[in-house]
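Novice: 3D, please:
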Amino acid sequence: MIAAGCAKERTVSSNEATKRYFDAWIDVQKKAHPEYMWEKVGDGIYILEDAEGDGDVITDSSYVLVNYTCTDLEGNIIETNSEELSHKADLNYDESYYYGPATWINSDVSLTVGVRDIIIGMKKGGTRKAVIPSWLSSTTRYGSEEEYLANVNDGSNYIYEINIADATTDIFKYQTDSMDRYWKRNVMHTDPDSPEGSEQSPYPGPDGILFKEKWDTAYTGFLFRQYFNNLETDENGSPSMRFKKDSTLYINYTGRLLNGQVFDTTIADTAKVHNIYSPTKSYEPVEIKWSSDSTAITFGGSDEIINGFKSMLKHLCNEEPGKEESFTDGERAVAIFYSSLGYGYSGSGSVIPGFSPLRFDVTVVKQEEE
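Specialist: Numbering: from 1, shown residues only. Model prediction:
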């Protein structure tokens, strides 16, 4: 009786129970699915399938563009960037959402240990499917499985299937290179691999009018071109006009990703075509208070404008000497800019992914349309 009274009751931590459940699930699944590899790596990950890519090996401190699907152990889809699977699984599927490769920063700060350990050793073009235990849901890296079990007591077990669509160690150069190819193909209408100075097509305006471009400008991360009705130029070849700092103009605009997906517009028909129309939104030109000082520009009465669009508005008129004119109705401009001038690494909701260059097309209207 004395011995029984002094004995300590053995307690079982939640992580011990979690590990026993996970190990038991693995044992059962190995028998049920002998077609899988069941190769244990790291501190508890089991690789099920591994199709090696033909590109370079993914390195530390790189950015990886991935197609991925995450499920629980029962096979229920938790998250995916596959449009087809999102539609089938009814994961808040919306035609206006972006579905395509996501850009992940390959670091312990940005990815959980489990996800990052799946990526380790993969090559561009490769696909890997693996089971990640709950104790590897941390972004803090420990030295052993025992330490994870002692320190990480939350999270769930997941199965990830990850395909490496591309990778880069310099995401900003990656964006500017893709912007340059896009610019040549879609704005200059030339083959991106064609020699410099190749012929380009005129820019089509409303009702089939061909506007002749008058000037353009480019610096890192931002490309801009405007097409004027007025063909007069000064001695420098620039449009012979400039605009007052307090000019007011109205614009219609359309914003899109470089894959062509429209995420915002002032034009109702454009919104309907691209499945982003909202009956509660007013589709009409927006008032711009223009200034050569970009910090003083307002858009619809607000100065809260992403930097790339603000730069586009600033460039909408020429600052070279010349006669003063009002903005001409129907003049058009196009600009693309990288994510540092847009929505950065986080993107904007489900519509604009992180690290996305954006394109805006603007048409100036002489006055607010009824």
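Novice: Could you list the low-pLDDT ranges of the stretch 101-250 of the chain?
Specialist: For the stretch 101-250 of the chain, the stretches with pLDDT under 70 are 189-219, 228-245.
Novice: Now do the helices in it.
Specialist: Listed in chain order, the helices of the stretch 101-250 of the chain (DSSP state H, counting those that start in this stretch) span 113-119, 145-151, 171-186.
Novice: TSV for those, including distance to H315 and mean neighbour count?
Specialist: No exception for glycine: its C-beta is placed from N, CA and C like everyone else's. Below are the helices of the stretch 101-250 of the chain laid out as TSV (distance: least, C-beta to C-beta, whole Å; neighbours: other C-beta atoms under 10 Å):
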stretch	distance to H315	mean neighbour count
helix 113-119	40	22
helix 145-151	53	16
helix 171-186	15	17
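Novice: Run through the residues that contact T298.
Specialist: I288, K289 (C-beta atoms under 8 Å, 6 or more residues apart in numbering).
Novice: Begin at 3 from now on, thanks
Specialist: Yep, numbering from 3; the last one is T300 now.
Novice: That one and I253: what is the separation?
Specialist: For T300, the distance to I253 (C-beta to C-beta, to the nearest Å) stands at 12 Å.
Novice: same thing with V66?
Specialist: Taking C-beta to C-beta, one finds V66 at 37 Å from I253.
Novice: Also K125?
Specialist: On the measure of C-beta to C-beta, K125 and I253 end up 46 Å apart.
Novice: Just want to know which of those two has more residues nearby.
Specialist: More crowded of K125 and I253, by other C-beta atoms under 10 Å: I253, with 23 against 15.
Novice: Tell me the confidence at the closest residue to that one other than its chain neighbours?
Specialist: Nearest residue to I253 in three dimensions, chain neighbours excluded: V364, at 5.0 Å (C-beta to C-beta, 6 or more residues apart in numbering). On pLDDT, V364 comes in at 93.
Novice: can you pull the contacts of V364?
Specialist: Applying C-beta under 8 Å, 6+ apart, we find V364 in contact with I253, N254, Y255, M314, L318, R334, A335, V336, A337.
Novice: same thing but 10 Å
Specialist: 228, 251, 253-257, 268, 288, 290, 311, 314-315, 318, 333-337 (C-beta atoms under 10 Å, 6 or more residues apart in numbering).
Novice: In strands, which of the residues you listed fall?
Specialist: The strands, defined by DSSP state E, take in 228, 251, 253-257, 288, 290, 334-337 from the contacts of V364.
Novice: Can you tell me how far the nearest residue in space to L360 that is not next to it in sequence is from V288?
Specialist: Of all residues not flanking L360 in the chain, G344 sits nearest, at 4.8 Å (C-beta to C-beta, 6+ apart). For G344, the distance to V288 equals 18 Å [C-beta to C-beta].
Novice: Next, count neighbours for the residue nearest to L360.
Specialist: 23.
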